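Enquirer: From the sequence below, what's the structure:
(2 chains)
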2 protein chains.
Amino acid sequence: MGEKVRGHLMIIGGAEDKERKCDILKKVVELSGGEKASITIITAAAQNPREVGQNYINIFEKLRVRDAVALNIETRQEAFRGEIVDRIVSSTGIFFTGGDQLRITSLLGGSPVYYALHAAYDRGVLIAGTSAGASAMSDIMLIGGDGDQAPKGNAISMAPGMGLLEEVVIDQHFAQRGRIGRLLLAVAQNPYVLGVGIDEDTAILVNPDATFTVVGSQTVTVVDGKEVEYTNVSELSPGEPLNLFGARIHVLSSGAGFNLKTRKPFSKFEN
Amino acid sequence: MGEKVRGHLMIIGGAEDKERKCDILKKVVELSGGEKASITIITAAAQNPREVGQNYINIFEKLRVRDAVALNIETRQEAFRGEIVDRIVSSTGIFFTGGDQLRITSLLGGSPVYYALHAAYDRGVLIAGTSAGASAMSDIMLIGGDGDQAPKGNAISMAPGMGLLEEVVIDQHFAQRGRIGRLLLAVAQNPYVLGVGIDEDTAILVNPDATFTVVGSQTVTVVDGKEVEYTNVSELSPGEPLNLFGARIHVLSSGAGFNLKTRKPFSKFEN
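Expert: As a prediction, the model looks like this:
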């Protein structure tokens, strides 16, 4: 676990503060080079990409980056265009907006833009994403499942993600939308996968040493199924409730962190 | 843990099915003596006790009990009346309705009715409760805390409960109201206390051998803090987010159960 973390990721649970302290977005700017940051906003997830893109351009400019550009990729063809790839190649930070994570992967998956993003990540360029842009980070992503529901058969849907973070499944708007049930289901399906539920205005910063630390005002919930003793997940009919015995749960707040290799949390005092 | 379970409790997460299969209420009737059941409905929690009481009388009569009577205790004085105590003494099952758990304890706590309930429980009479009536069962009860929120300082309120089940804190409408955060907070405050979150139309049946089994259509979530390695709960300012490392979480559905002495879940195949 964790050998495949190759660079820096900032995975944000949605609704990050954009007007007051802006802790998370400031960290995105800092890790993208501060005043030298050249940030590319990818709005592929959004239904209203121009509006969302302009909004983030304004915010990043207010945070004094060198430049911020939105790539509003709305067709597969655009994900093959040379000047779009060039912009990614010259960026010091990439920011995926919210929307629908399936739009991200269905528009970008396997395209030159996709490979340019992986190459940038491998070079150490920060890749950030919020909400749908957070879910899309991992190799397998949650794409559906009601909140405030008991975990039950057929209650979640998954799809292949962008593959920047392996062996993890991300959920966002986590506490605010009551999503513990769908994260438990995802972990039950394959306890090899670590469940990471990120609250609104909260993020994990994943480092190349395969640790992450928490930034923001709320919490991150980690569900580790490594020690699960029993589950009936493979036998569930649609709507039939889950059994899952022996999962581990950790709640982390700002400054605390988690080692993806050892699957151990650490407090800011140990960091 | 568990030495203090003295009789039979049916603790229901609220919104139990009253019209279709009625699995939970049928089990209440069965454990109260079936056709010989004499069930007393305690509506102390309810704002509209007469309506709620009559509703349950109708249901229990439909389920063919010998008799069902609602005690609409609305003042402390009524909790001292001999004929009300007599009715409890002659009951084969007690059923606490939903409403506000603080109404139950503030009206009944320390009264002759309170002692009669404990005596009935000690004699093996089934004590059942739904929603607020479920929360009130334990010696410490949750009385407040928003759902769909990250666990944070000052985010929950607790009060002394009816003390029929020790070393446990119950939460109800659990998945449906996104209450994992408040259960994690309660467990963080004292990991000696086992957190039991019961979904709607779901119940735990607590037996004198200090095990419980699950009845109903949804799930029961158990949070065990015994192995917690670190928490900042004692240092939190109001609104400051929680750290809690190393809690155990189990999800149980119908037929599965839990041993309160060993803190181990068991599946219906082991039962």
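Enquirer: how far away is residue A:82 from residue A:89?
Expert: The spacing between residue A:82 and residue A:89, counted by CB to CB, to the nearest Å, is 10 Å. Where C-beta positions appear, they are placed from N, C-alpha and C, glycine not excepted.
Enquirer: Mind checking which of those two has more residues around it?
Expert: residue A:89 (13 against 8; other CB atoms under 10 Å in any protein chain shown).
Enquirer: Doesn't residue A:203 belong to a helix?
Expert: No. Residue A:203: not assigned to a helix; according to DSSP: H, G, I helix; E, B strand; the rest coil it is strand.
Enquirer: just checking, it touches residue A:12?
Expert: Yes. When contacts are counted by CB atoms under 8 Å, residue A:203 is listed as touching residue A:12 (4.1 Å).
Enquirer: And residue A:70, how close does it get to chain B?
Expert: 30 Å (CB to the nearest CB, to the nearest Å).
Enquirer: Helix, strand or coil: sort out that residue for me.
Expert: Applying three-state DSSP: residue A:70 is strand.
Enquirer: Mind pulling the model confidence for it?
Expert: Here, the pLDDT recorded for residue A:70 equals 98.
Enquirer: dump the residue contacts of the residue lying closest to it once chain neighbours are set aside.
Expert: Among residues not flanking residue A:70 along the chain, residue A:53 sits closest, at 2.8 Å (CB to CB, 6 or more residues apart in numbering or on different chains). Listed by CB atoms under 8 Å, 6 or more residues apart in numbering or on different chains, the contact set of residue A:53 reads A:41, A:43, A:46, A:70, A:71, A:72, A:97.
Enquirer: Close to chain B: what parts of the stretch 151-271 of chain A are there?
Expert: Residues of the stretch 151-271 of chain A lying near chain B by CB under 8 Å from any CB of the partner chain: A:151-152, A:175-178, A:180-181, A:184, A:199, A:202, A:217-219, A:223, A:229-230, A:232, A:240-254, A:256, A:265, A:267.
Enquirer: Assign residue A:170 to helix, strand or coil.
Expert: Classification of residue A:170 using three-state DSSP returns strand.
Enquirer: pretty sure it is touching residue A:134, no?
Expert: Yes. Contact between residue A:170 and residue A:134 holds when scored by CB under 8 Å: they sit 5.4 Å apart.
Enquirer: what do the two both touch?
Expert: Contact criterion CB under 8 Å, 6+ apart; residues bridging residue A:170 and residue A:134 by contacting each: A:11, A:198.
Enquirer: Near chain B, which residues of the stretch 1-150 of chain A? Just list them.
Expert: Residues of the stretch 1-150 of chain A lying near chain B (CB under 8 Å from any CB): A:147, A:148, A:149, A:150.
Enquirer: okay but the last one is in contact with residue B:219, surely?
Expert: What that stands for is residue A:150. Yes. Contact status for residue A:150 versus residue B:219: in contact at 4.2 Å, counting by CB under 8 Å.
Enquirer: Can you pick out the residue with more neighbours from these two?
Expert: residue B:219 (29 against 26).
Enquirer: Pull up the gap between that one and residue B:128, please.
Expert: Separation of residue B:219 from residue B:128 (CB to CB) stands at 19 Å.
Enquirer: What about the residues of the stretch 1-150 of chain A next to chain B, which one has the most neighbours?
Expert: Using other CB under 10 Å as the neighbour test, these are led by residue A:150, with 26 neighbours.
Enquirer: State the distance spanning the first to the last residue of stretch A:91-105.
Expert: 20 Å (CA to CA, to the nearest Å).
Enquirer: Give me the mean pLDDT for it.
Expert: Here the average pLDDT along stretch A:91-105 is 98.
Enquirer: got it, and stretch A:211-229?
Expert: pLDDT averaged over stretch A:211-229 gives 98.
Enquirer: Which neighbours do residue A:150 and residue B:219 have in common?
Expert: Residues touching both residue A:150 and residue B:219 (CB under 8 Å, 6+ apart) are A:241, A:242, B:175, B:199, B:202.
Enquirer: just the strands in the stretch 51-200 of chain A please.
Expert: Along the stretch 51-200 of chain A, counting by DSSP state E, counting those that start in this stretch, strands occupy A:67-71, A:93-96, A:126-130, A:140-144, A:157-160, A:168-171, A:194-198.
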